[in-house]
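Q: my questions are about this predicted structure, shown below with the sequence.
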Amino acid sequence: MTGPTARRRTAADRRQQAMALPALPDADARAIDRFLDGLWAEQGLARASLDSYRRDLQGFARWRGGRDGGLAGADRAALFDYLAWRTREGYSPRSNARLLSALRAYFGACVRHGERADDPTALLEPPGLPRSLPKALSESEVDALLAAPDVQATLGLRDRAMFELMYASGLRVSELVDLPATAVNLRQGVLRVTGKGSKERLVPLGEEAQHWLERYLAEARPALAAGRALAPLFLGVRGEALTRQQFWGLVKRYAVLAGIDPARISPHGLRHSFATHLLNRGADLRALQMLLGHSSLSTTQIYTFVAREQLKRLHAKHHPRG
């Protein structure tokens with residue numbers, strides 16, 4: 001089924017579908033391992049990026065089932081057939097665009113290393129992706145969300161510190177939950193963050209975030225660590241690092257307590273709000289790019305659209321001739 005009424009694939013759908021595909025041929029498994037090892041050595045891609053490439057390439061290889069030379073022997077017609085099959089199965093344009101990126105990287109490496117003469121992805125166009133603007137909260141909504149945790153409780157104090165830090169520093173969720181305790185320099189008021197591609201950056205904490213982080217480190221983290229020397233900065237009830245899914249669950253729960261529709265907020269809601277509010281108050285786009293850890297300024301520029309739309313809504317609401 002295709003078109004706007006086609007059902008998007010869920011995680012359960014993908015697991016069930018993967019079980020129905022043929023086993024991954026050994027030759028393709030070795031080829032994928034060699035490619036990823038080379039990619040890591042040449043570009044130093046983060047583990048999450050390598051895992052994403054692995055899943056996409058393995059999915060295509062299993063769909064091929066070793067036919068006609070397997071993964072390395074695929075031609076343009078095979079790629080068209082696979083993309084058409086994924087579209088019928090309900091995979092989103094964004095998922096197919098990511099797959100095509102993985103295939104371009106793989107076949108480009110095959111050509112460079114002399115394993116094949118042509119690149120079957122050369123004339124394939126990525127599916128058009130709709131512009132999706134980040135969902136930013138208003139400043140009053142952020143205040144309500146930050147105030148939602150019960151800071152008299154150990155976990156509430158941890159959650160307040162996490163929210164304050166994310167909003168003050170513009171961290172990605174993965175960066176927040178992966179932060180080691182050694183990344184914090186309270187004396188200088190900065191945070192050392194390892195972002196995408198294992199790139200490091202220094203970001204300021206801000207007075208408010210530093211206050212709540214100091215309280216968490218003094219009052220809540222020792223209770224969660226229970227005397228153990230644990231690496232993660234933010235700990236779960238058993239002393240483990242939180243997952244992105246757990247953090248998203250916290251955001252939704254506190255959004256409800258703060259009177260915010262959970263549908264209006266995303267896991268990166270505080271990061272998006274950080275960027276939008278800085279732009280609204282006159283921040284330089286290049287400085288914002290550095291704070292967010294974007295490799296390209298064009299990625300940061302999307303927040304100018306968010307800020308502009310908010311200004312339009314404010315004008316329409318409050319101006320006598322709006």
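A: On my side now, so go ahead.
Q: hey, where'd the strands end up in the protein?
A: Chain-ordered strands for the chain, with DSSP state E as the definition, fall at 184-185, 190-194, 200-204.
Q: for the record, mean pLDDT for the first one?
A: Read it as strand 184-185. Predicted confidence along strand 184-185 averages 93 (mean pLDDT).
Q: same for it, what does it pack against?
A: Under the contact criterion of 3 or more C-beta pairs under 8 Å, 6 or more residues apart in numbering; DSSP states H and E, strand 184-185 touches strand 190-194. Heads up, the C-betas are built off the backbone N, CA and C, glycines and all.
Q: report the angle between the strand it packs on and strand 200-204.
A: For strand 190-194 against strand 200-204, the angle between stretch directions is 150 degrees (axes from the mean of the first three to the mean of the last three C-alpha atoms, to 10 degrees).
Q: quick one: mean pLDDT over strand 190-194.
A: When pLDDT is averaged over strand 190-194, the result is 90.
Q: point out where the stretch 1-150 of the chain drops to low pLDDT.
A: Residues of the stretch 1-150 of the chain meeting the criterion pLDDT under 70: 1-20, 126-134.
Q: what segments of the chain are helices?
A: Listed in chain order, the helices found in the chain under DSSP state H are 11-20, 26-43, 47-64, 76-88, 93-112, 139-147, 154-169, 173-177, 207-215, 221-225, 244-257, 269-280, 285-292, 297-318.
Q: tabulate those helices in JSON lines, adding columns for distance to Asp118 and mean neighbour count.
A: As requested, those are arranged in JSON lines below (distance: least, C-beta to C-beta, whole Å; neighbours: other C-beta atoms under 10 Å):
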{"stretch": "helix 11-20", "distance to Asp118": "29", "mean neighbour count": "10"}
{"stretch": "helix 26-43", "distance to Asp118": "17", "mean neighbour count": "15"}
{"stretch": "helix 47-64", "distance to Asp118": "17", "mean neighbour count": "18"}
{"stretch": "helix 76-88", "distance to Asp118": "9", "mean neighbour count": "15"}
{"stretch": "helix 93-112", "distance to Asp118": "7", "mean neighbour count": "17"}
{"stretch": "helix 139-147", "distance to Asp118": "52", "mean neighbour count": "16"}
{"stretch": "helix 154-169", "distance to Asp118": "46", "mean neighbour count": "23"}
{"stretch": "helix 173-177", "distance to Asp118": "37", "mean neighbour count": "21"}
{"stretch": "helix 207-215", "distance to Asp118": "53", "mean neighbour count": "17"}
{"stretch": "helix 221-225", "distance to Asp118": "56", "mean neighbour count": "17"}
{"stretch": "helix 244-257", "distance to Asp118": "39", "mean neighbour count": "16"}
{"stretch": "helix 269-280", "distance to Asp118": "41", "mean neighbour count": "23"}
{"stretch": "helix 285-292", "distance to Asp118": "37", "mean neighbour count": "16"}
{"stretch": "helix 297-318", "distance to Asp118": "31", "mean neighbour count": "13"}
